[in-house]
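Engineer: take a look and give me a structure for this.
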Amino acid sequence: MAETDSYTLVGLGEILWDMLPEGKQLGGAPANFAYHAQTLGAKGIVASCIGDDQLGNEITQRLETLKLQRQYIAVDKEHPTGTVTVKLDDKGVPDFTIHQNVAWDFIPSSPQLLELAKQADAVCFGSLCQRMEVSRNTVREFLKNTKPDCLRVFDINIRQSFYSKEVVDDMLEASNVFKLNDDELPIVAELLDMTGSETEILSQLVDNYSLKLIVLTKGDKGSRLYSRDKNSEHNGFPPEKIADTVGAGDAFTAAVSLGLLLGNDLDDINEHANRVASFVCSQNGATPSLPESLVLA
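Structural biologist: So this is what the prediction gives:
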């Protein structure tokens, strides 16, 4: 079995500042995914775009602190670094206001980025960063340049009105792993004209798009990993105290992706990913350090 650090996991898409009540935290699902892939023992890489401004400089500094590579972060001189205003409810669940026309809407493609695509063992991408044509085209070109056995993880990450049937359908066709949560499942089913029970909808998705796996997270109710051959359900590990849930889903996705690359059993992957997500919920912000016990050897 390969060592975890021999795997390259790429988070492609938005990088931004989550403006939380207690201050700003680095955010963006792909950036969180790359960070957690790295904390779990793999090589995590963020591919995105920042503005030529103070907030962009602070992202560069933050990535350096987190020991994440910065060479695939483009700088846009015309658009500001992305920000999201985050309000938390009494259970720590975030409500996001995502500001538009920002640098990560204009992620440029480049020979260097397409070379990274050929090296990636897994790439995580969503629908949010495809709300504008430039980034949408870059994501698609990247995916076309990945290895046949690359895990192409579509973490739909539905936010506000930044999704469409066309993008969801195209990205499901381009991916082999689909990650969503239990709030997003009925939205996806309606978009794609699917009806039936949860299991029936998951089955239709797997069959219609030839998916290797669907990752369905359910907050404090745990998760479900569903493939043609196996269904793994887990009740989760609700933490004693929730700081906030920001980044927990991204940490879960990173843990599942690395577990799949290592060839681990789905039940083992599900249990470990729930432990990781539970720990992240117990900490402030999306990028806490993980305890050694959660790192994949």
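Engineer: scan the helices and strands of this structure for the one with the lowest mean pLDDT.
Structural biologist: strand 94-98 (a mean of 81; mean pLDDT, DSSP states H and E).
Engineer: which strands or helices does it pack on?
Structural biologist: strand 82-88 (3 or more CB pairs under 8 Å, 6 or more residues apart in numbering; DSSP states H and E). Using the backbone N, CA and C atoms, a C-beta is placed for each residue, glycine as well.
Engineer: that older thread, would you mind getting the angle between the least confident helix or strand of the chain and strand 82-88?
Structural biologist: Using axes from the mean of the first three to the mean of the last three CA atoms, to 10 degrees, the direction of strand 94-98 lies 150 degrees away from that of strand 82-88.
Engineer: A strand includes residue 124, no?
Structural biologist: Yes: using DSSP: H, G, I helix; E, B strand; the rest coil, the secondary structure at residue 124 is a strand.
Engineer: all numbers from here: first residue = 301
Structural biologist: Taking 301 as the first residue, the last one we looked at is residue 424.
Engineer: which one's the longest strand in the protein?
Structural biologist: strand 343-351 (DSSP state E).
Engineer: follow-up on the earlier one: tell me which strands the least confident helix or strand of the chain pairs with, and in which orientation.
Structural biologist: Here strand 394-398 is paired, per DSSP bridges, with strand 382-388 (antiparallel).
Engineer: ok so, going back, what helices and strands are in contact with the longest strand of the chain?
Structural biologist: Counting by 3+ CB pairs under 8 Å, 6+ apart, the packing neighbours recorded for strand 343-351 are strand 308-312, helix 329-339, helix 354-365, strand 373-376, helix 411-419.
Engineer: cutoff 6 Å now
Structural biologist: Applying 3 or more CB pairs under 6 Å, 6 or more residues apart in numbering; DSSP states H and E, one finds that strand 343-351 contacts strand 308-312, helix 329-339, strand 373-376.
Engineer: thinking again about what came up before, for the least confident helix or strand of the chain, which positions count as buried?
Structural biologist: By 16 or more other CB atoms under 10 Å, the buried positions in strand 394-398 come out as 394, 398.
Engineer: mind checking the SS state of residue 439?
Structural biologist: With three-state DSSP as the criterion, residue 439 reads helix.
Engineer: the one 3 residues further on now?
Structural biologist: Following three-state DSSP, the label given to residue 442 is helix.
Engineer: show me what contacts it?
Structural biologist: Counting by CB atoms under 6 Å, 6 or more residues apart in numbering, residue 442 makes contact with 312, 417.
Engineer: what's the distance between it and residue 567?
Structural biologist: 32 Å (CB to CB, to the nearest Å).
Engineer: cool, and residue 447?
Structural biologist: Using CB to CB, residue 447 is found at 27 Å from residue 567.
Engineer: how about the CA coordinates for the helix or strand harbouring residue 558, as PDB?
Structural biologist: Per DSSP states H and E: residue 558 is located in helix 548-561. Output of helix 548-561 as PDB, limited to C-alpha atoms (Å, rounded to 0.1, in the frame of the first residue of the first chain):
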ATOM      1  CA  ALA A 548     -16.400  19.900   8.600                       C
ATOM      2  CA  GLY A 549     -17.900  18.700   5.400                       C
ATOM      3  CA  ASP A 550     -14.600  19.500   3.500                       C
ATOM      4  CA  ALA A 551     -12.600  17.600   6.100                       C
ATOM      5  CA  PHE A 552     -15.000  14.700   5.700                       C
ATOM      6  CA  THR A 553     -14.500  14.800   1.900                       C
ATOM      7  CA  ALA A 554     -10.700  14.800   2.200                       C
ATOM      8  CA  ALA A 555     -10.800  11.900   4.600                       C
ATOM      9  CA  VAL A 556     -13.000   9.900   2.300                       C
ATOM     10  CA  SER A 557     -10.900  10.700  -0.800                       C
ATOM     11  CA  LEU A 558      -7.600   9.700   0.900                       C
ATOM     12  CA  GLY A 559      -9.300   6.500   2.300                       C
ATOM     13  CA  LEU A 560     -10.400   5.600  -1.200                       C
ATOM     14  CA  LEU A 561      -6.900   6.100  -2.600                       C
END
